[in-house]
Structure formats: C-alpha cells, structure tokens
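Q: Fold the following for me, if possible:
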Amino acid sequence: MTIDERKVATNTSVIQNLILENRGKLSVSGVLDVLSFDDQVVIIETELGLLTIKGDNLRINKLSIDTSEVIVEGDISSMNYSDNKNVEKSKGSLISKIFK
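A: So this is what the prediction gives:
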C-alpha cells in the first residue's frame, strides 16, 4: 500500500473501534462477517480489512449483525490487520501454483 492509498483509507468516513480490556476481552465495531474461528485464531472481515486475532481459549461472546459488533474473549496475544485484496490475490496465486 502506497502512502497515497493510506491517506485515502484514513480519510474515509468509516469509524472502527477496537477496545481491548486486560488482554481478555476485545470489542470490535465495523464488522462485516466472521470468516473463521476456533480456540486459537479468529478471522473477522471488517470495513477496514481482515482482522486476525490470535490467542488461547478464544470464544465469540457476542455477534451482532445489527450493530456490526463482535466481542471476543480469551487470552488474546495478538491482533493483525491485512488488506482484503492482498488476501484474495495470494489465495489465487497459491491455488494456481498448486494446479500448474
């Protein structure tokens, strides 16, 4: 992502909040979908990209489509954003490499 693309992304009207309480409870707003989850990794599609949450004993305590909010509880060790477009491109290239 270039600097100009970052400026455009930060100037959008999208507001997203991540509230982490004592590394045990994470509230995320601006959620579009929960793509994958288990007790160690939760992948959430948000308005600002894919959010990957890693930890132990993770569970989704609240999922509200109406308010676009998710609450994840457990021992949270990391949170990482990635761009939706980059993930789709990398999946396609990996699949194409397998079938060559």
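
Q: What segments of the protein are strands?
A: Counting by DSSP state E, the chain has strands at residues 18-21, 25-29, 31-37, 41-46, 49-64, 69-82.

Q: now the ones you listed as JSON lines including mean neighbour count and mean pLDDT?
A: From N, CA and C alone the C-beta is placed, and that goes for glycine too. Listed next are the strands of the chain as JSON lines, based on neighbours: other Cβ atoms under 10 Å; pLDDT from 0 to 100:
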{"stretch": "strand 18-21", "mean neighbour count": "12", "mean pLDDT": "95"}
{"stretch": "strand 25-29", "mean neighbour count": "18", "mean pLDDT": "95"}
{"stretch": "strand 31-37", "mean neighbour count": "15", "mean pLDDT": "91"}
{"stretch": "strand 41-46", "mean neighbour count": "19", "mean pLDDT": "94"}
{"stretch": "strand 49-64", "mean neighbour count": "16", "mean pLDDT": "94"}
{"stretch": "strand 69-82", "mean neighbour count": "16", "mean pLDDT": "95"}
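
Q: Report how many residues lie close to Asn17.
A: Per other Cβ atoms under 10 Å, the neighbour tally for Asn17 reads 9.

Q: In contact with the residue nearest to it when sequence neighbours are not counted, which residues are there?
A: Nearest in space to Asn17, with sequence neighbours left out and distances taken as Cβ to Cβ, 6 or more residues apart in numbering, is Ser29 at 4.6 Å. The contact partners of Ser29, by Cβ atoms under 8 Å, 6 or more residues apart in numbering, come to Ile15, Gln16, Asn17, Thr67, Ser68, Glu69.

Q: Excluding chain neighbours, give the residue nearest to the second one in space.
A: What sits nearest to Gln16 in space, not counting adjacent residues and going by Cβ to Cβ, 6+ apart, is Gly30, at 3.7 Å.

Q: what's the burial count for the one you found?
A: Applying other Cβ under 10 Å, we find 17 other residues in the vicinity of Gly30.

Q: Enumerate every residue touching the residue nearest to Gly74 when sequence neighbours are not counted.
A: Nearest residue to Gly74, sequence neighbours excluded (Cβ to Cβ, 6+ apart): Leu58, at 3.8 Å. Applying Cβ under 8 Å, 6+ apart, we find Leu58 in contact with Phe37, Asp38, Asp39, Gln40, Val41, Val42, Val72, Glu73, Gly74, Asp75, Ile76.
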